[in-house]
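Peer 1: What shape does this take:
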Amino acid sequence: MTKTATSSNRREFLKRTGGAAAGMAIVPRYVLGGSGYQAPSDMISLGFIGTGKQARGLADSFSAIARIVAGSDVDSQKLDLFKTVVAKNHTASKNSLAGYPDFREMILRNDIDAVIVATPDHWHAVASIMAANAGKHVYCEKPLGHSIGEGRAMVNAMAKNKVILQTGSMQRSWVNFRHACELVRNGYLGELKEVLVNVGTAAIPDYLMAESIPTNLNWDMWIGPAPLRPFNSELSPPVEKDIFPNWRNYKEYGGGILSDWGAHMFDIAQWALGMDESGPVRCFPPDGKDHQYLSMVYANGIVMKHQDFGRGFGVRFIGSKGKLDISRDFIDSDPANIATAEIKSGEIHLYKSDDHYQDWLAAIKLNKQPICGAETGHRTSSVCSIANITYWLNRPLEWDPVSEQFKNDDLANALVKANIRGNWKLA
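Peer 2: Numbers count the residues shown, from 1 in each chain. Sure thing, here's the model as predicted:
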């Protein structure tokens with residue numbers, strides 16, 4: 001059931017965030033049960049934190065199954081475009097979409113049940129935790145945490161507030177990826193030896209030159225908890241370009257394409273390996289000798305390599321009985337009969353979700369964990385962070401997935417911690 005704040009809690013939240021209250025208390029009928037036709041007033045009501053290109057795509061995904069009532073963005077042009085697109089395309093949201101330049105005001109609305117966090121990565125933790133503290137369920141884009149410390153704080157906040165988080169690693173809801181993981185889990189490849197994951201490169205420091213800040217953009221709020229850097233349009237391009245911005249390449253705001261796509265492909269590897277609550281224990285950067293590629297070793301001896309195996313972004317599983325390749329474009333194997341094998345009734349069947357977005361809404365209604373909940377999303381984003389840290393420090397590291405610390409390495413552990421600027425907090 002959706003949580004609503006008491007008057008005293010609401011006043012305290014306002015005091016802590018500096019926001020202003022809006023909206024009136026509405027309890028959606030979905031919490032009372034029932035089935036059949038779902039009128040707009042019965043739908044879960046959503047607010048969007050971040051309204052750029054990714055958010056507009058997510059609005060399409062939620063259009064028939066939820067009611068979008070608000071959006072928030074630090075860029076007024078992006079917010080205006082989002083409002084126009086949603087009002088035009090989504091019947092349940094016509095004439096009801098409010099816009100906010102500061103998400104702290106939006107999340108105080110008692111008629112908003114849940115939020116979509118579609119911001120740059122450096123905002124994921126702070127925005128999600130503040131929303132959870134306001135009693136909102138959270139759909140947060142991947143990678144879940146910008147640092148390992150941020151991800152763990154998100155897991156703790158969701159549990160503390162008893163809200164449901166879904167991570168946007170939607171490949172888990174695609175049939176071919178689930179089938180590939182079930183084949184691995186059930187031993188169709190024999191004894192698993194190696195996993196090759198092909199995604200992009202590690203994050204680099206922001207070196208961009210300063211440009212004039214557009215009048216439609218609150219740059220200080222865009223930076224938020226990240227280290228303060230000058231504005232550059234590569235980080236927040238104008239809406240007319242209609243592109244995914246390049247903030248994801250820079251370590252201040254993202255984890256490089258290594259994390260951006262790793263949150264999809266390392267995620268599938270973790271799922272197949274049964275490591276959704278753990279991770280590797282040793283990491284080796286490429287050294288041109290013993291390790292041609294960045295390698296992460298699990299406690300059971302399986303080696304996962306960040307390696308281009310010549311088929312685009314995807315995953316290759318190598319076992320004693322053959323190999324299996326999986327991507328968004330194909331699933332095949334050598335020998336060929338492995339990929340086409342049918343998982344039998346008595347074998348391991350993984351969580352089945354046919355729609356990543358509906359799965360989250362159903363989990364909210366049933367008060368259960370979705371296919372890619374907070375812990376799962378955190379462990380996947382942790383693998384991405386561990387890989388980045390190994391590249392940055394360029395030396396072997398030992399990782400303890402229980403304590404979530406590197407062994408005897410203060411410099412590496414400093415990169416595990418959350419680096420939050422100013423008055424923003426992970427609490």
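Peer 1: Please make it C-alpha for all contacts and neighbour counts, starting now.
Peer 2: Fine.
Peer 1: ok, now which ones touch P101?
Peer 2: With contact set as C-alpha atoms under 8 Å, 6 or more residues apart in numbering, P101 has these partners: S72, D73, V74, D75, S76.
Peer 1: Can you show me the CA trace of stretch 271-289 as PDB?
Peer 2: The C-alpha coordinates for stretch 271-289 follow below in PDB (Å, rounded to 0.1, in the frame of the first residue of the first chain):
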ATOM      1  CA  TRP A 271      22.100 -13.300 -13.200                       C
ATOM      2  CA  ALA A 272      23.500 -16.300 -15.100                       C
ATOM      3  CA  LEU A 273      26.200 -16.800 -12.400                       C
ATOM      4  CA  GLY A 274      23.700 -16.600  -9.500                       C
ATOM      5  CA  MET A 275      25.600 -13.600  -8.100                       C
ATOM      6  CA  ASP A 276      22.700 -11.200  -7.600                       C
ATOM      7  CA  GLU A 277      23.700 -10.700  -4.000                       C
ATOM      8  CA  SER A 278      27.500 -10.900  -4.400                       C
ATOM      9  CA  GLY A 279      30.300 -10.200  -6.900                       C
ATOM     10  CA  PRO A 280      33.900 -11.000  -7.900                       C
ATOM     11  CA  VAL A 281      36.700 -11.300  -5.400                       C
ATOM     12  CA  ARG A 282      39.800 -10.500  -7.400                       C
ATOM     13  CA  CYS A 283      40.300  -8.000 -10.200                       C
ATOM     14  CA  PHE A 284      43.200  -7.700 -12.700                       C
ATOM     15  CA  PRO A 285      43.800  -4.800 -15.200                       C
ATOM     16  CA  PRO A 286      45.100  -5.700 -18.600                       C
ATOM     17  CA  ASP A 287      48.900  -6.000 -18.400                       C
ATOM     18  CA  GLY A 288      49.900  -7.400 -21.800                       C
ATOM     19  CA  LYS A 289      51.200 -10.600 -20.100                       C
END
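Peer 1: Name the residues that touch it?
Peer 2: Residues contacting stretch 271-289 (C-alpha under 8 Å, 6+ apart): 180-182, 184-185, 270, 291-299, 375-376, 379-380, 382-383, 386-387, 390-391, 394-402.
Peer 1: Would you mark the buried spots in stretch 128-146?
Peer 2: The neighbour-count check on stretch 128-146 (16 or more other C-alpha atoms under 10 Å) flags 128-146 as buried.
Peer 1: I meant to write stretch 384-392 there.
Peer 2: Those would be C384, S385, I386, A387, N388, I389, T390, Y391, for stretch 384-392 by 16+ other C-alpha under 10 Å.
Peer 1: The second one and G256: what is the separation?
Peer 2: Meaning S385. Going from S385 to G256 by C-alpha to C-alpha, to the nearest Å gives 10 Å.
Peer 1: Equivalent analysis for the fourth one, please.
Peer 2: Using C-alpha to C-alpha, we find A387 at a distance of 11 Å from G256.
Peer 1: Overlap of the contact sets of these two?
Peer 2: The contact sets of A387 and G256 overlap at A202 (C-alpha under 8 Å, 6+ apart).
Peer 1: Find the nearest non-adjacent residue to the residue nearest in space to the middle of the chain, please.
Peer 2: Closest to where the C-alpha atoms of the chain average out (C-alpha atoms, centre = their mean) is K142, at 2.0 Å. Residue nearest to K142 in three dimensions, not counting chain neighbours: G168, with 5.0 Å by C-alpha to C-alpha, 6 or more residues apart in numbering.
Peer 1: What of D267?
Peer 2: Nearest to D267 is T380, by C-alpha to C-alpha, 6+ apart, at 5.3 Å.
Peer 1: likewise V315?
Peer 2: V197 (4.6 Å).
Peer 1: Give me the number of neighbouring residues for K368.
Peer 2: K368 has 13 neighbours, counted by other C-alpha atoms under 10 Å.
Peer 1: Now do the same contact list for it.
Peer 2: Counting by C-alpha under 8 Å, 6+ apart, K368 touches I164.
Peer 1: The one 4 residues further on now?
Peer 2: If you count contacts by C-alpha under 8 Å, 6+ apart, C372 has them with Q166, T167, G168, S169, R172.
Peer 1: any idea which of these has the most stuff around it?
Peer 2: Q166 leads the contacts of C372 on contacts (other C-alpha under 10 Å) with 30 neighbours.
Peer 1: For the helix or strand harbouring that one, enumerate the helices and strands it packs against.
Peer 2: Assigned by DSSP states H and E, Q166 belongs to strand 165-167. Contact partners of strand 165-167 among helices and strands, from 3 or more C-alpha pairs under 8 Å, 6 or more residues apart in numbering; DSSP states H and E: strand 137-140, helix 374-393.
Peer 1: how about those, which one is nearest E150?
Peer 2: The closest of these to E150 is helix 374-393. By C-alpha to C-alpha, the value is 8.8 Å.
Peer 1: burial of the residue nearest to L294 when sequence neighbours are not counted, as a residue count?
Peer 2: Excluding the flanking residues, the one nearest L294 by C-alpha to C-alpha, 6+ apart is P285, at 4.5 Å. When neighbours are counted by other C-alpha under 10 Å, P285 registers 25.
Peer 1: Need phi/psi at P285.
Peer 2: Phi and psi for P285, reported as degrees, to the nearest 10, are phi -80, psi 160.
Peer 1: That one and A362, how far apart?
Peer 2: Computed as C-alpha to C-alpha, the P285 to A362 distance reads 41 Å.
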